[in-house]
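Student: Fold the following for me, if possible:
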Amino acid sequence: MTGAASESLYRTGGTVLLIKVPEAEPVVGTWRGQFDPAAAAGVPAHITVLGPFLDRSLTDAGVMGELDALIGEHQPFDIELAECARFPGVLYLAPMPAAPFRALTGAIAERWPEAPPYEGQFSDVVPHLTVAYGQEPEVLDMIEPEVTGRLPVAARIEAVQLMTYTGEHWEDVRTFLLGGGQRQVR
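Tutor: Next up is the predicted model:
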């Protein structure tokens, strides 16, 4: 999805903080490619920490430094994606444990209250890795057993990625390492 179709879902200059989970790609990549607009727009398998975040024009060196320090206070951790779950129209993998994701989201949202998770639409933010989005129950019913049969997926979580929407696709801006440090992507 590019151009006007993506623009209806994403705002040019918008940013998101997420945790990439490449270990999940072999299990969910084909399904995400067909049934998740984020995948078509260049977002890999991931668990969102905070989205939308600040506009790209506001993510200056000061914000980057604060993100580096705040994310660096959290230690790397291991997760398992062992079961599917659903929101209306959404099939996702539930990470266990969920607490480290909630802690990251809470800390960043507390520091930047002008950027509440999912624009404040939900009272409880549930960490999840989307497999299919905006689909009818029949589609989710078709996908779920295929995905479940390939679980569990284990992953080591070591970084949070800042991505921005260019108007055509999502691209990496910077990687922030859990436990301290940063790595510039571009």
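
Student: Checking residue 114 next. Helix, strand or coil?
Tutor: Secondary structure for residue 114, judged by DSSP: H, G, I helix; E, B strand; the rest coil, is coil.

Student: secondary structure element for residue 106?
Tutor: In this assignment (DSSP states H and E), residue 106 forms part of helix 99-111.

Student: Touching that helix from outside, list them.
Tutor: Defining contact as Cβ atoms under 8 Å, 6 or more residues apart in numbering, one finds that helix 99-111 is touched by 17, 19, 47, 49-50, 53, 66-67, 70-71, 73-74, 77, 79, 95, 115-117, 125, 127, 157, 160. (Glycine included, C-beta is placed from N, CA and C.)

Student: Distance from the chain centre to that helix, please.
Tutor: Centroid separation between helix 99-111 and its chain, computed with Cα atoms, centre = their mean, to the nearest Å, is 13 Å.

Student: What residues sit buried inside stretch 89-96?
Tutor: 90-95 (16 or more other Cβ atoms under 10 Å).

Student: Closest to the centroid, which residue in this structure?
Tutor: Ranked by distance to the mean C-alpha position of the chain (Cα atoms, centre = their mean), the top residue is residue 48 at 2.6 Å.
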